[in-house]
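Trainee: coords please:
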Amino acid sequence: QVQLVESGGGLVQAGGSLRLSCAASGRTFSRYAMGWFRQAPGKEREFVGAINWSGGSTYYADSVKGRFTISRDNAKNTVYLQMNGLKPEDTAVYYCAAEFDYINADPKLVGSWGQGTQVTVSS
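Mentor: Residues are numbered from 1 along each chain as shown. Model (predicted):
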């Protein structure tokens, strides 16, 4: 199983940008699909986006499409979430996720999680 550690969260004004990073341990990182989820207070964890093992394919939730971009560097065992045009409704704890082959949008079907990093967007 892969170990995941997120970083890069913080406080930003609406319209601003942040880049989250997720560092993974283990020599098999390049075999994993990677994803990002988020959870706002009082809400269920929701899918944000994901990237396949090679970085050649990405998919996003409609709520972030066109504003967020996922990328990965397999040489550094790291996946990134670039967030532009942030809105107050993007405020949440953001979690990195890993799964062999495919990241399902249902968080109950994801096997590996990081500890989360807080993103707060002020209006």
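
Trainee: so what's residue 35 up against?
Mentor: 47, 48, 49, 50, 51, 70, 96, 97, 98, 99, 103, 110 (Cβ atoms under 8 Å, 6 or more residues apart in numbering). C-betas here are computed from N, CA, C, even on glycine.

Trainee: Tell me both backbone torsions, phi and psi, for it.
Mentor: Here is the backbone geometry of residue 35 (degrees, to the nearest 10): phi -150, psi 170.

Trainee: can you tell me which of the contacts of residue 35 lies nearest to residue 22?
Mentor: residue 96 (3.4 Å; Cβ to Cβ).

Trainee: Okay, and the beta partners of the closest one?
Mentor: Counting by DSSP bridges, residue 96 is bridged to residue 36.

Trainee: so it makes contact with residue 79?
Mentor: Yes: if you go by Cβ atoms under 8 Å, residue 96 and residue 79 touch, sitting 6.6 Å apart.

Trainee: Spit out the residues that contact these two alike.
Mentor: Common contacts of residue 96 and residue 79, defined by Cβ under 8 Å, 6+ apart, comprise 22, 34, 36.

Trainee: which other helices and strands contact the helix or strand harbouring the first one?
Mentor: Spelled out, it's residue 22. Assigned by DSSP states H and E, residue 22 falls within strand 18-24. Helices and strands touching strand 18-24, as assessed by 3 or more Cβ pairs under 8 Å, 6 or more residues apart in numbering; DSSP states H and E, comprise strand 4-7, strand 32-39, strand 78-83, strand 92-100, strand 117-122.

Trainee: how about a cut-off of 6 Å?
Mentor: Applying 3 or more Cβ pairs under 6 Å, 6 or more residues apart in numbering; DSSP states H and E, we find strand 18-24 packed against strand 4-7, strand 78-83.

Trainee: now that strand: mean pLDDT?
Mentor: Mean per-residue pLDDT for strand 18-24: 97.

Trainee: Identify each buried residue in that strand, please.
Mentor: Neighbour-count burial for strand 18-24, with 16 or more other Cβ atoms under 10 Å as criterion, is recorded at 18, 20, 21, 22, 23, 24.

Trainee: now stretch 12-19
Mentor: 12, 18.

Trainee: Mind listing residues that contact it?
Mentor: With contacts defined as Cβ atoms under 6 Å, 6 or more residues apart in numbering, stretch 12-19 is touched by 8, 80, 82, 83, 84, 86, 87, 88, 121, 122, 123.
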